[in-house]
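>>> Here is a sequence with its predicted model. Questions after.
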Amino acid sequence: MFGSIQFTAWHDGGMFMGMHWAWWSIWIVTLVILAWAFFRMFADRSETRRRQRDREHAEEALRERFARGEIDDQEFEARMESLRRSRG
């Protein structure tokens, strides 16, 4: 019954007429862009967190030096102000 009917693939002169590669390309490019955006979003956050952590460590080290008496209050205030300016 089906012996005389020829079945052809859609990409072989059928419905898509070669457009299936264009659609695959569009989906691949879309997925690559989404993956890149997702990566950048978290990469930026981790960089910001690292910078904030470094500043907090610097301020803590400065407080410890002041508590031990290695620096006086004027030097402490000047350095703390310098750290705060570099933050903004």
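Thanks, I have it.
>>> which phi and psi does Asp72 have?
phi -90, psi 180 (degrees, to the nearest 10).
>>> how deep is it tucked in, by neighbour count?
If you count neighbours by other CB atoms under 10 Å, Asp72 ends up with 10. Using the backbone N, CA and C atoms, a C-beta is placed for each residue, glycine as well.
>>> Quick check: it vs Leu83, distance?
17 Å (CB to CB, to the nearest Å).
>>> Could you check how far Ile71 is from Arg65?
Here Ile71 is placed at a distance of 5 Å from Arg65 (CB to CB).
>>> swap in Asp72?
Asp72 is 10 Å from Arg65, by CB to CB.
>>> repeat for Gln74
13 Å.
>>> what does Trp21 give?
Distance, Trp21 to Arg65, by CB to CB: 65 Å.
>>> immediately after whichever strand or helix holds Glu47, which helix or strand?
For Glu47, the host element (DSSP states H and E) is helix 20-68. Next helix or strand after helix 20-68 toward the C-terminus (DSSP H and E): helix 73-87.
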